[in-house]
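[1] this is the structure alone, sequence omitted:
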């Protein structure tokens with residue numbers, strides 16, 4: 001359970017002040033604070049299709 005290279009994720013929602021956020025990854029929902037999310041590198045699928 002967690003982030004692995006190549007997995008798709010989707011930000012579901014953010015708390016009213018933006019922290020924490022809920023992320024769907026691999027069929028489960030993970031809650032992350034902004035300071036934790038800053039350590040995750042993502043690439044947009046839209047960027048890959050261009």
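    Happy to help now that I have it. Treat the numbers as computed from the prediction; the structure is a model and nothing was measured. Residues are numbered from 1 along each chain as shown.
[2] tell me where this protein has helices.
    34-37, 45-49 (DSSP state H).
[3] which residues sit against the shortest one?
    The set of residues external to helix 34-37 that reach it, using CB atoms under 8 Å, 6 or more residues apart in numbering, is 18, 19, 20, 21. Bear in mind the C-beta positions are built from the backbone N, C-alpha and C, glycine included.
[4] how far off centre is that helix?
    The chain centroid and the centroid of helix 34-37 are separated by 10 Å, computed with CA atoms, centre = their mean, to the nearest Å.
[5] one step back: least confident of the helices of the chain, on average?
    Lowest mean pLDDT of the helices of the chain: helix 45-49, a mean of 63.
[6] quick one: the strands in this structure?
    Per DSSP state E, the chain carries strands over the ranges 9-14, 21-25, 28-32.
[7] would you mark the buried spots in stretch 31-50?
    residue 32 (16 or more other CB atoms under 10 Å).
[8] same deal with stretch 11-26?
    By 16+ other CB under 10 Å, the buried positions in stretch 11-26 come out as 20, 21, 23.
[9] re the thing from before, could I get the strands of the chain as TSV with distance to residue 46 and mean pLDDT?
    Putting these into TSV (distance: least, CB to CB, whole Å; pLDDT from 0 to 100) gives the following:
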stretch	distance to residue 46	mean pLDDT
strand 9-14	13	90
strand 21-25	17	91
strand 28-32	22	90
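[10] can you tell which of those strands is closest to residue 3?
    Among those, strand 21-25 comes nearest to residue 3, with 6.5 Å by CB to CB.
[11] which helices and strands sit right next to the closest one?
    strand 9-14, strand 28-32 (3 or more CB pairs under 8 Å, 6 or more residues apart in numbering; DSSP states H and E).
[12] surely residue 23 is in contact with residue 32?
    Yes. Between residue 23 and residue 32 there is a contact at 6.2 Å, judged by CB atoms under 8 Å.
[13] centre of the chain to stretch 8-27, how far?
    For stretch 8-27 - counting by CA atoms, centre = their mean - the centre lies 6 Å from the chain centre.
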